[in-house]
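Asks: return atomic coordinates for the entry below.
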Amino acid sequence: MSDVRLRYWQIAPQSLAKMRELEHYLNTQSGIDHTLRELVKLRASLLNGCGFCVEQHKAELQKAGVSAEKIAEVAAWRNSEAYTKRERAALSWTEAVTNIQESRAPEAVYEEVRAVFSEVETVNLTLVIAMINAWNRLSISLGVQAEDEVPSE
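Replies: Coordinates of the predicted model:
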């Protein structure tokens, strides 16, 4: 989106500071590694149609050394051999949680996640997904204009 409806980062800086606090925790203490977090954020952003966020998370994955092929295949991860069992479970859970109104987070997907994530990692993974969905919704509904104006996740 090129038009900004509200400069939410200027209007409500305290709210965004709290979101950034949770992001900081998830980035530093969640037990979910950087590449996996970025794959999840990219998948959710693709599902939500947040072009700004898609480009941001592609760039983060490139900086982390993830292959261009693996990044390009995130949308069709089920048809790719590039993903580990843990990544596949996280991407499946990302789809279920992002599309919660349709999927209701099926038990089979939850069991797939629990097979490779501890209880606390499952909570933290779900929070990573919730946070990127929140950032996507802010970006899509209120608009973003330029990277230098937007608060970092």
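Asks: which residue lies nearest the spatial centre of this structure?
Replies: Geometric centre of the chain, nearest residue: residue 41, 2.0 Å, by CA atoms, centre = their mean.
Asks: helix or strand for it, which one?
Replies: helix 34-48 (DSSP states H and E).
Asks: packing partners of that helix?
Replies: If you count contacts as 3 or more CB pairs under 8 Å, 6 or more residues apart in numbering; DSSP states H and E, helix 34-48 packs onto helix 13-29, helix 51-63, helix 85-98, helix 119-142. Where C-beta positions appear, they are placed from N, C-alpha and C, glycine not excepted.
Asks: closest to residue 73 out of the ones you listed?
Replies: helix 85-98 (10.5 Å; CB to CB).
Asks: list the buried ones in that closest one?
Replies: Residues of helix 85-98 classed as buried by neighbour count (16 or more other CB atoms under 10 Å): 86-98.
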